[in-house]
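[1] dropping the sequence and predicted coords here.
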Amino acid sequence: MNNSIQIISYSHLGLAFIPALVTVAILYWWSLDFGNALYGIFRMLLQLLLVGYFLVYIFSSNSSLVILAVLTVMVLMAGWISLRSVRDKRLEFFTKSLLAVILGGGSTLILVTQVVVRLDPWFLPRYMIPLAGMIFAGAMNAVSLAAERFMAELSRDVDYKEARGIALKASLIPRTNSLFAVGLVSLPGMMTGQILSGISPMIAARYQIMVMCMIFGSAGISATIFLMLLSRAVKGIEEK
């Protein structure tokens, strides 16, 4: 297969903003919050350009300490951002969300990078950083959905055990839907990227299967750990 990938010039990249700006214009026309969408687009552009330059440095480094530092920042940010849905409880729940992301996401990352892909060296940046990003992002989103739904159920005086089950199920809805849709409705990012770069679709499919399993698994384990820690705390309060 052709291993070259089509390079997108900055001028042509600008054309990709047309559909996004049309959507912003529609929001403005309908008197909706177009400013937030515009800010989101600008922030996305800035963040991706900055991370692109940053990853060039990371990928060229040969230091495990640099990779560990990056992973630490990713975990801390995932634990903090996951609690956006419960801002008033953010500080109180942070240690629980952080522990959930570390245990659920970290164990999955170790399994995938050291046993499935067998990185050599173990911290190979071109694999470690993207895989860690997908795993921790999946764990973060699951914890966020679980926290929001768990607190919502408790506010309706639902028993904490029932609330825990409802929250776990809700946190996995996006991931479960993606399992049903992959290959039928969409070709996910990693598989699409590999095919565009000239990798055999069958090899790309194997990697995507690994990615789907690791994201679903890390999300489920992290949400479960978080809810168990949270429900234990709630039960302790109720008993007092």
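    Perfect, thanks for sending it. Every value quoted in this text rests on a predicted model; they were computed, and no experiment measured them.
[2] quick one: the helices in this structure?
    Read by DSSP state H, the chain holds these helices, from start to end of the chain: 10-15, 17-29, 34-60, 64-81, 90-110, 125-155, 160-171, 173-181, 189-196, 201-239.
[3] export the ones you listed to TSV and tack on mean neighbour count?
    C-beta here means a position set from N, CA and C on the backbone, and glycine is covered the same way. TSV is the format used below for the helices of the chain (neighbours: other Cβ atoms under 10 Å):
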stretch	mean neighbour count
helix 10-15	9
helix 17-29	12
helix 34-60	12
helix 64-81	16
helix 90-110	20
helix 125-155	22
helix 160-171	19
helix 173-181	13
helix 189-196	16
helix 201-239	18
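[4] lowest-confidence stretch among those?
    If you rank the helices of the chain by mean pLDDT, helix 189-196 sits at the bottom with a mean of 72.
[5] distance from that one to the middle of the chain?
    If you compare the mean C-alpha spot of helix 189-196 with that of the full chain, they lie 17 Å apart, counting by Cα atoms, centre = their mean, to the nearest Å.
[6] could you give the angle of it to helix 125-155?
    Interaxial angle of helix 189-196 relative to helix 125-155 (axes from the mean of the first three to the mean of the last three Cα atoms, to 10 degrees): 150 degrees.
[7] nearest residue to the residue nearest the centre of the chain other than its sequence neighbours?
    Among the residues of the chain, the smallest C-alpha distance to the mean C-alpha position (Cα atoms, centre = their mean) belongs to residue 137, namely 1.7 Å. Residue nearest to residue 137 in three dimensions, not counting chain neighbours: residue 78, with 7.0 Å by Cβ to Cβ, 6 or more residues apart in numbering.
[8] my guess is that neighbour contacts residue 136. True?
    Yes - taking Cβ atoms under 8 Å as the definition, residue 78 is a contact partner of residue 136 at 4.4 Å.
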